[in-house]
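> sequence plus the predicted model coming up.
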Number of protein chains: 2
Amino acid sequence: MQDQSTAEPNSADLDGADNAYALDRVATDAILNAVELGDKAALVALLDPLHSADIADFLEQISGSERSDLLRLWGTEIDGEVLSELDENLRVDVIEDLPADVMAEALKDLESDDVVDLIEDLEVPEQARVLDALEDAERVAVEQALQYPEETAGRLMQRELVMSPAHWSVGNAIDYLRGATDLPDRFYDVVIVDPKLQPIGKVALSALMSSPRDVMLANIMDGNFQIIPAMQSQEDVAYAFNQYHMVSAPVIDELGRLVGVITIDDAMDVLDEEAEEDLKLLAGVGDESLTDTVLDTTRQRFPWLAVNLITAIVASIVIAQFSGVIEAIVALAVLMPIVASMGGNAATQTMTVAVRALATKDLTSSNAFRIIRREVGVGLLNGLVFAVIIGIVGLIWFGSPMLGVVLGMAMVVNLLVAGMAGILIPIILDKLKIDPALASGAFVTTVTDVVGFFAFLGLAAILLL
Amino acid sequence: MQDQSTAEPNSADLDGADNAYALDRVATDAILNAVELGDKAALVALLDPLHSADIADFLEQISGSERSDLLRLWGTEIDGEVLSELDENLRVDVIEDLPADVMAEALKDLESDDVVDLIEDLEVPEQARVLDALEDAERVAVEQALQYPEETAGRLMQRELVMSPAHWSVGNAIDYLRGATDLPDRFYDVVIVDPKLQPIGKVALSALMSSPRDVMLANIMDGNFQIIPAMQSQEDVAYAFNQYHMVSAPVIDELGRLVGVITIDDAMDVLDEEAEEDLKLLAGVGDESLTDTVLDTTRQRFPWLAVNLITAIVASIVIAQFSGVIEAIVALAVLMPIVASMGGNAATQTMTVAVRALATKDLTSSNAFRIIRREVGVGLLNGLVFAVIIGIVGLIWFGSPMLGVVLGMAMVVNLLVAGMAGILIPIILDKLKIDPALASGAFVTTVTDVVGFFAFLGLAAILLL
């Protein structure tokens, strides 16, 4: 009832097979075949049993022309849920192409939070077109949500919720629920409010369910619960749901009045999005998606590569200072990337741990000093071990004990610096309110490249010439 | 009731402040002060209002000696939930130090899935000690769950669930729930089973709640729902919860019989863990945690650095082949890291997008060919743009047009290869059933380093000598 789901319980996957939850080739070929034949009845029959999230994934995976053909043929049968499951970048294009009547039909059964999610990436004229397609009450709810800044709890919450005064009994609540016609599609708690509409407690449906009719809600309510301010960042909302294992939480406005509810599915989406964002930022990838064109993707990745080019040129300038040494001993040119590369890797390790720990609020002012000390220790220890290894490699390869010593010393210096840069740069960026995942990569690599080349070639200039 | 939560609704955070949900300095100092004074009453009073997840975070953030002192002082008051919230690596140490009576007391109010999660990382003798501390019924449930392989649905599920036959009415279900004494702490659905105990439907509590007493469950049940096989990987379980917005799902054994239920909080944990794992693997960091010592951390990171050392040496061997060219034109040594570094970065971009898309099942056989073609296009396009830029840099810096041409050509080749390696290597590893995040980094960097140095120095040998 509450849950749209795929056609059949997936009991065929009893072995936990690798392709659990993926549409198989036969199904996708059948759908594309129906589109090619223009057979609307067959298309609807094939799509109808699928979960909207799977249809959205399928739309993302086929080519642009196949997608247009499918959407045109599907027409007014298109499900609003599918639009709301689509990847943002693609959704904007799809919505622009939808005729007004198809759009109005599709939006009819979406909750207000899904409509907000769907509308917020559109251009203003497109937004107006979608708002016009909504019924009055829903339009007002959506417009109110859009007043809140992007990526806040106010955008994430749904207006549809179940609340009750504290003086109701279990029986009152059940009778109300049985009589109500505008209940949310899913709800897990009844929010107990005072006369000023401020939430004072929460009764889980399982508690309501298992209590006799004459028990007062005030006696079974949980008064010790999280309340989300509408202006809170969505990242913090996701953190709270994950940290406190919540399934839904009331949202309040600046006066403390109940204005909505956030449910776990939206928080889980955000958690997943934020993890993806950190992963991509660390690798120098922006907000691109798989459906982007070659040109869009190239444009998205260009700035990151341009920053890297500048840092690489800085490293080259350092090398250029030692042209004379390299001319005298060409083995230095052969070996110098090793020290830089090891430093870059060690720094990336430390930086990734730091960025993740900052995101999960595990790295705080209580333990920052201890973690910095640890990373310096790790850098030193690994530096010493690899100094011995690379020293021996240098000695055997080029027959020069002193070259081995230079390599080893440069390795210790660079791994030590890598550990320090890898932990300090993310912490400093975080203090400056800059997303540590955003800029750490470029800074950290520059430091380890410059230090690596400088230490190795500088020591060589002193000890080998 | 159902929900343990922090002391007070966090209405102080109305501005969505940056430190939402972090324990403040005053609170942490007060706790450590109570520990130092050995004031157990004060400690209990300070910890009691905190959510167990926050206490666990606090324990992770203080030093080892502060932690031992705190746990000793806290003694039998210690909450099992706190143990289950602790980071795995730390938890093993903490549990080993707990006296038997403290352990027995702490485990009393945990659900079977939490006990399983707690026990599975322990050594066998420690496991036996924890099992002995359990009540009989719970011990059997835990032992059964441990029969399933690690990281499967069987380990994740809880045994405590609510089920009903299809011939019950809403009234029957409510009367049963009101009379039952062994209900799970939280539940969101009643699972409808046939006489063979096979799940045939699910009734959300919100549907049960809003239906008259005489309605049959069979008429309001959702027959179109996800069933999780106990052997399914936890990664797929988390995917299903996220993809289909589920809050709970029944788990079946190989005969299709209902054996447990997985709830969203466990799935969200797994989703978060898997994202962290991919992030760390891509950066060459294993399963380390912030509380690990210098020695443990060094040991964890060593193998990844050792692999990187080998790939760096391979790149050096390539450079060594061109010693003569470098001796003749030392500018080559200055410029060669630029081409390699750009290739490494471009490949990391593509690889990260590919690894993430494979994890979210967005990169499938339907679109693999299209995505490969796109990445090659992006590599070529960015290669051409950066070829022009770096060509001009080379020309201006060293006054040699031909050097600029060599740099530009090497850049195109390496960015093209970077795009191909970045997409093909993860896809191939995935086909070979190797986690693409695990090995992509080392492979991909080797390819771009080798190709970068070889193309630049090789072209230089042909065109400049």
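That came through, no problem. Numbers count the residues shown, from 1 in each chain, chains lettered A, B, ... in the order given.

> as a check, name the ranges of all strands in chain A.
Here chain A has its strands, by DSSP state E, at A:163-165, A:189-193, A:199-204, A:228-229, A:248-252, A:258-263.

> most packed of the ones you listed?
strand A:228-229 (a mean of 28; mean count of other CB atoms under 10 Å in any protein chain shown). Any C-beta I mention is one placed from the backbone N, CA and C, and that applies to glycine too.

> save the strands of chain A as a markdown table, and put in mean pLDDT and distance to chain B too.
A markdown table is the format used below for these (pLDDT from 0 to 100; distance: least, CB to the nearest CB, whole Å):
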| stretch | mean pLDDT | distance to chain B |
| --- | --- | --- |
| strand A:163-165 | 95 | 12 |
| strand A:189-193 | 96 | 9 |
| strand A:199-204 | 96 | 4 |
| strand A:228-229 | 97 | 5 |
| strand A:248-252 | 96 | 7 |
| strand A:258-263 | 95 | 8 |
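
> of these, which is nearest B:Val142?
Minimum separation from B:Val142 across the strands of chain A (CB to CB) falls at strand A:199-204, 25.4 Å.

> how distant is the closest one from the center of its chain?
Centroid separation for strand A:199-204 versus its chain: 30 Å, with CA atoms, centre = their mean, to the nearest Å.

> same deal with stretch A:419-434?
Computed by CA atoms, centre = their mean, the chain-centroid distance of stretch A:419-434 equals 21 Å.

> which residues touch it?
A:346-351, A:354-355, A:358, A:363, A:368, A:371-372, A:375-380, A:435-436, A:438-440, A:443-444, A:447-448, B:18 (CB atoms under 8 Å, 6 or more residues apart in numbering or on different chains).

> tell me the centre residue of chain A?
With distances taken as CA atoms, centre = their mean, A:Glu273 lies nearest the centre of chain A, 1.9 Å away.

> could you measure from that residue over to chain B?
10 Å (CB to the nearest CB, to the nearest Å).

> what domains does the record give for chain A?
Following automatic domain parsing, one gets these domains for chain A: A:11-147, A:163-282, A:294-464.

> which one of those lies nearest to B:Val170?
Closest to B:Val170 of the domains of chain A, according to CB to CB: domain A:163-282, at 9.5 Å.

> ends of the closest one, how far apart?
End-to-end span of domain A:163-282 (CA to CA, to the nearest Å): 43 Å.

> so how far is it off the chain centroid?
Centroid displacement of domain A:163-282 relative to its chain, using CA atoms, centre = their mean, is 23 Å.

> ok, A:Met411 touching A:Val339?
Yes. Counting by CB atoms under 8 Å, A:Met411 does reach A:Val339; the two are 5.8 Å apart.

> shared neighbours, these two?
Counting by CB under 8 Å, 6+ apart, the contacts common to A:Met411 and A:Val339 are A:Ile390.

> got a list of what the residue of chain A most remote from its centre touches?
Here the centre of chain A is the reference, and by CA atoms, centre = their mean the most remote residue is A:Leu465, at 52.4 Å. Neighbour list for A:Leu465: A:Val325, A:Ala328, A:Ile329 [criterion: CB under 8 Å, 6+ apart].

> B:Glu126: which of the strands of chain A is closest?
Closest among the strands of chain A, using CB to CB: strand A:199-204, at 34.6 Å.

> picking that back up, any chance of the strands of chain A in a markdown table, plus distance to B:Met163?
Output for the strands of chain A, formatted as a markdown table (distance: least, CB to CB, whole Å):
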| stretch | distance to B:Met163 |
| --- | --- |
| strand A:163-165 | 28 |
| strand A:189-193 | 22 |
| strand A:199-204 | 19 |
| strand A:228-229 | 33 |
| strand A:248-252 | 24 |
| strand A:258-263 | 24 |
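
> by mean pLDDT, flag the weakest helix or strand of chain A.
Least confident element among the helices and strands of chain A, by mean pLDDT, DSSP states H and E: helix A:100-107 (a mean of 81).

> name the residues of that helix that are buried.
The neighbour-count check on helix A:100-107 (16 or more other CB atoms under 10 Å in any protein chain shown) flags A:Val102, A:Met103, A:Ala104, A:Glu105, A:Ala106, A:Leu107 as buried.
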